[in-house]
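>>> Please find the sequence and the predicted model below.
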Amino acid sequence: MIQVGIVGGTGYTGVELLRLLANHPQAEAKVITSRAEAGVRVDAMYPNLRGFYDLEFTVPDVDTLSGCDVVFFATPHGVAQAMMPELISRGVRVIDLSADFRIRDHEVWADWYGQPHGCPELLPQAVYGLPEVNREQIAGAQLIACPGCYPTAIQLGFIPLLEAGLIDPKDLVASAASGVSGAGRQAKVDNLMAEVTDSFKAYGCGGHRHLPELEQGLGDVLPVGSDPVQLTFVPHLLPMVRGIHATLFGNLTASAGDLQALFEARYADEPFVDVMPAGSHPQTRSVKSVNTCRLSVFEPQERGKVVVLSVIDNLTKGASGQAIQNMNIMFGFDETTGLNLPGLLP
Ligand SMILES: NC(=O)C1=CN([C@@H]2O[C@H](COP(=O)(O)OP(=O)(O)OC[C@H]3O[C@@H](n4cnc5c(N)ncnc54)[C@H](OP(=O)(O)O)[C@@H]3O)[C@@H](O)[C@H]2O)C=CC1
Ligand SMILES: CC(=O)N[C@@H](CCC(=O)OP(=O)(O)O)C(=O)O
């Protein structure tokens, strides 16, 4: 049994980690932090966890966290950077759900996140925690940078086509929509029920902070000698709580062949990627609360365009489920431990 610490246990990804860990036979949450709720019992704040946890939130403290085998950061960007050098030097394994270690170039990170990077010297040892690409490096890593929620849905959709050199990397388009929990639990007027319900809007069209992460990750899977990736990414806010639906467009550079077979073969051994039968339209509700990414691929009217539909739960495969998948790989557990459940319907 490994002992787990969670920094940021009161946020949406923090409580999703707690929900999933309650079902994990080889990991036990020992330290759960919140500055605002220190001293409050976890199950008093989150009654869905009654009977599962006998713990109180505590103020984050490196000494206490260092007693854990693995520490998850479920905190806003900038927080993990501040505590990371000390935790790493003490040999703790860390899985960061924030964006702090996702982008290899600290200057690019600083441009998009509006602050200097707190510990650029640790960036080279951070492994990008997308198991479908980096499984071997994850197994040996001390520091995991969990992918963003949009980047998970979008990369898994484009990867088979880019790896096979079948689409033009210079002209990728991703139109994606997220439920409101993607914005976190902090109060913001834009996310009030009266602002969001019965409406639909794009945001970040001029440039969203996930763009550099996406272009880096998509570029990593290209065949050697390919043109660099240029992606047009437009996120949208959907009037629902959980889920991301990404619609991806690419221009085929060669005769496509059997795209369905390509996708099925690429993900045949992946426990958390489900390629739907040809002609299917995956729905966000089919992945609600589970770690699955569900995909389908089309070549409409055979006019040289490929369209991929990709759905995930932003809090599960887009954050906390993927973080636990990484933990399972790092500690040599079966990768699906604690995560092998069907989605909630209806
Ligand atoms: N929501 C989503 O769908 C996804 C989120 N992420 C990322 O995961 C991270 C967490 O997101 P989410 O759960 O939505 O965020 P929330 O805003 O819901 O929660 C943030 C948590 O961090 C704690 N926290 C805030 N500031 C600090 C600080 N300075 N030091 C220590 N703890 C702090 C808060 O508790 P307190 O202030 O009481 O200490 C709270 O528990 C973010 O980086 C986000 O970008 C990644 C993928 C998807
Ligand atoms: C709906 C919404 O606001 N979504 C957030 C992205 C989700 C998120 O938390 O971003 P990370 O995956 O990088 O942590 C946004 O657009 O900023």
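Perfect, I can see it now. Ligands and ions are numbered 1, 2, ... in the order given.

>>> and the closest residue to ligand 1 within the chain, what pLDDT?
Of all residues in the chain, the one sitting closest to ligand 1 is G11 (1.9 Å; CB to the nearest ligand atom). Where you see a C-beta, it was placed from the backbone N, CA and C, and this is true even at glycine. With respect to pLDDT, G11 scores 96.

>>> Tell me the residues of this structure that contact ligand 1?
7-14, 34-37, 60, 74-77, 79, 97-98, 148-149, 181-182, 184-186, 314-315, 318-319 (CB under 6 Å from any ligand atom).

>>> Helix, strand, or coil at E195?
helix (DSSP: H, G, I helix; E, B strand; the rest coil).

>>> That one against A187, yeah?
No: using CB atoms under 8 Å, E195 is not in contact with A187; the gap is 11.9 Å.

>>> quick one: contacts for the residue of the chain closest to ligand 1?
74-75, 184-186 (CB atoms under 8 Å, 6 or more residues apart in numbering).

>>> how about 6 Å then?
Contact analysis of G11 by CB atoms under 6 Å, 6 or more residues apart in numbering lists 74, 184-185.

>>> Which parts of the stretch 51-200 of the chain are helices?
With helices called from DSSP state H, counting those that start in this stretch, the stretch 51-200 of the chain shows them at 62-65, 79-89, 106-113, 131-139, 149-163, 193-196.

>>> Parallel or antiparallel, list what pairs with the host helix or strand of H236.
Per DSSP states H and E, H236 falls inside strand 231-237. Partner strands and pairing direction for strand 231-237 (DSSP bridges) are strand 172-178 (parallel), strand 201-202 (antiparallel).

>>> Mind listing residues that contact that strand?
172-177, 201-202, 204-205, 208, 211, 214-215.

>>> Out of the residues you listed, grab the one that's most surrounded.
Scoring those on neighbours with other CB atoms under 10 Å, the highest-scoring entry is A174 at 27 neighbours.

>>> I figured that residue hits I154, correct?
Yes: counting by CB atoms under 6 Å, I154 is a contact partner of A174 at 4.7 Å.

>>> higher neighbour count, E195 and A187?
E195 (14 against 7).

>>> anything in contact with each of A174 and I154?
A246.

>>> list the contacts for the nearest residue to S286 once chain neighbours are set aside?
Leaving aside its sequence neighbours, S286 sits nearest to G343 (CB to CB, 6 or more residues apart in numbering; 5.1 Å). By CB under 6 Å, 6+ apart, the contact set of G343 is 286-288, 290.
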